[in-house]
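Participant: Predicted coordinates and the sequence they were generated for:
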Amino acid sequence: MHTTAPKQKTPPEAGKVTNIKLRVTFRCPTDLTERATTWAEKARCPVSAVFRKAFADLRPQLIERIEAGINYTEVPNDRMKDASHPFDTSMMISRAAYDRLTREVDPEAMTGIEGPMSRWARAQFIPHFNAWLAAKGH
């Protein structure tokens, strides 16, 4: 009788890149919110839809920059003074990018990375949103 060792199954996760959801939350300046609100009223949609559409346009570039690596000096420390409309969203980034961000932005595990990365995303989004609204005639 011939016996063979049982075949070992490869776990379904093997070879897959694990992605991590990075949540960012921030507020936008009043002037941008007012422009977005005007467009939302014309489009008959919630103002949050305008924000989501603009962020969706920028998201691939943000993810690309995060994946390439962000230095902690690129993360603003300042808090917004003119903060109107709240906005939150998430981005899926690789485990490697998340781990690198954690080492770079919060090396002593004091604050987590969502707060600092929210400020970074806001700093990227505001000029994009301004130009995006202007390009759409608002």
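Facilitator: Cool, the structure landed. The structure displayed is predicted, hence computed values, not measured ones. Numbers count the residues shown, from 1 in each chain.
Participant: State the distance from the residue nearest the centre of the chain to residue 35.
Facilitator: Nearest to the mean C-alpha position of the chain, counting by Cα atoms, centre = their mean, stands residue 91 at 4.4 Å. Residue 91 sits at a distance of 24 Å from residue 35 (criterion: Cβ to Cβ, to the nearest Å). Yep, even glycine has a C-beta here, placed from its N, CA and C like the rest.
Participant: give me the low-pLDDT residue ranges for this protein?
Facilitator: Residues of the chain that meet the criterion pLDDT under 70 lie in 1-17, 80.
Participant: Going along the chain, name the strands of it.
Facilitator: For the chain, the strands defined by DSSP state E occupy 19-27, 86-94.
Participant: want to throw these into a markdown table with distance to residue 39?
Facilitator: As requested, the strands of the chain are arranged in a markdown table below (distance: least, Cβ to Cβ, whole Å):
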| stretch | distance to residue 39 |
| --- | --- |
| strand 19-27 | 18 |
| strand 86-94 | 15 |
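Participant: looking at those, which is closest to residue 46?
Facilitator: Within the strands of the chain, the stretch nearest residue 46 is strand 86-94; the backing value is 12.0 Å (Cβ to Cβ).
Participant: Show me which residues of the closest one are buried.
Facilitator: 87, 89, 91, 93 (16 or more other Cβ atoms under 10 Å).
Participant: Same check on stretch 56-72?
Facilitator: 58, 59, 62, 63, 66, 70.
Participant: Not counting its own residues, what contacts that stretch?
Facilitator: For stretch 56-72, contacts defined as Cβ atoms under 8 Å, 6 or more residues apart in numbering pick out 22, 89, 91-94, 97, 100-101, 104-105, 116-117, 120-121, 124-125, 128, 132.
Participant: among those, which ones are buried?
Facilitator: With burial judged by 16+ other Cβ under 10 Å, the buried subset of the contacts of stretch 56-72 is 22, 89, 91, 93, 97, 100-101, 104-105, 116-117, 120-121, 124-125, 132.
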